[in-house]
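S.K.: using only what follows, build the 3D model:
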Amino acid sequence: MESLTLNVRVDAKDKKRFEQFCNSVGMNVSTAVNMFIKAVLREQKLPFEVRTNTFDENTFQKLKEAETEMFSNPKRYSSEEIMKSMNDIIG
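M.R.: Below is the predicted model:
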């Protein structure tokens, strides 16, 4: 099998931390990148979620209104009530 070189630009600090991580799990950067590529090709997807900011302006405004109401109301809300309310707003 022919091998080629892949050049990518990455932040210097990120590169150093990635090299340290790879070393800590007993591999080099080349092996880790090859594992990533093989996983993408095998699964036909990235091995992590890629998404945009899911809060549009309307949702953000509704959440701000809910936050204002929560802080202006003396009632204490449970974490379950807060999560249910947020899920109702986000839909």
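S.K.: span of stretch 48-67 from start to end?
M.R.: End-to-end distance of stretch 48-67: 31 Å, with Cα to Cα, to the nearest Å as the criterion.
S.K.: for that stretch, buried residues please.
M.R.: Neighbour-count burial for stretch 48-67, counted by 16 or more other Cβ atoms under 10 Å, picks out residue 62. Heads up, the C-betas are built off the backbone N, CA and C, glycines and all.
S.K.: stretch 6-15 now?
M.R.: Buried, per 16+ other Cβ under 10 Å, within stretch 6-15: nothing.
S.K.: quick check: mean pLDDT of it?
M.R.: On average, the pLDDT along stretch 6-15 is 95.
S.K.: what's it in contact with?
M.R.: 18, 29, 33 (Cβ atoms under 8 Å, 6 or more residues apart in numbering).
S.K.: quick one: list the elements packing against the host helix or strand of residue 41.
M.R.: Using DSSP states H and E, residue 41 maps to helix 29-43. Helices and strands touching helix 29-43, as assessed by 3 or more Cβ pairs under 8 Å, 6 or more residues apart in numbering; DSSP states H and E, comprise helix 12-24.
S.K.: mind exporting the C-alpha coordinates of the helix it packs on to PDB?
M.R.: In PDB, the C-alpha atoms belonging to helix 12-24 read as follows (Å, rounded to 0.1, in the frame of the first residue of the first chain):
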ATOM      1  CA  ALA A  12       1.000  25.200  18.200                       C
ATOM      2  CA  LYS A  13      -0.400  24.700  21.700                       C
ATOM      3  CA  ASP A  14      -3.000  22.200  20.400                       C
ATOM      4  CA  LYS A  15      -0.400  20.300  18.600                       C
ATOM      5  CA  LYS A  16       1.800  20.000  21.600                       C
ATOM      6  CA  ARG A  17      -1.100  18.900  23.800                       C
ATOM      7  CA  PHE A  18      -2.300  16.400  21.200                       C
ATOM      8  CA  GLU A  19       1.300  14.900  21.000                       C
ATOM      9  CA  GLN A  20       1.300  14.700  24.800                       C
ATOM     10  CA  PHE A  21      -2.100  12.900  24.800                       C
ATOM     11  CA  CYS A  22      -1.000  10.500  22.100                       C
ATOM     12  CA  ASN A  23       2.200   9.700  24.000                       C
ATOM     13  CA  SER A  24       0.200   9.100  27.200                       C
END
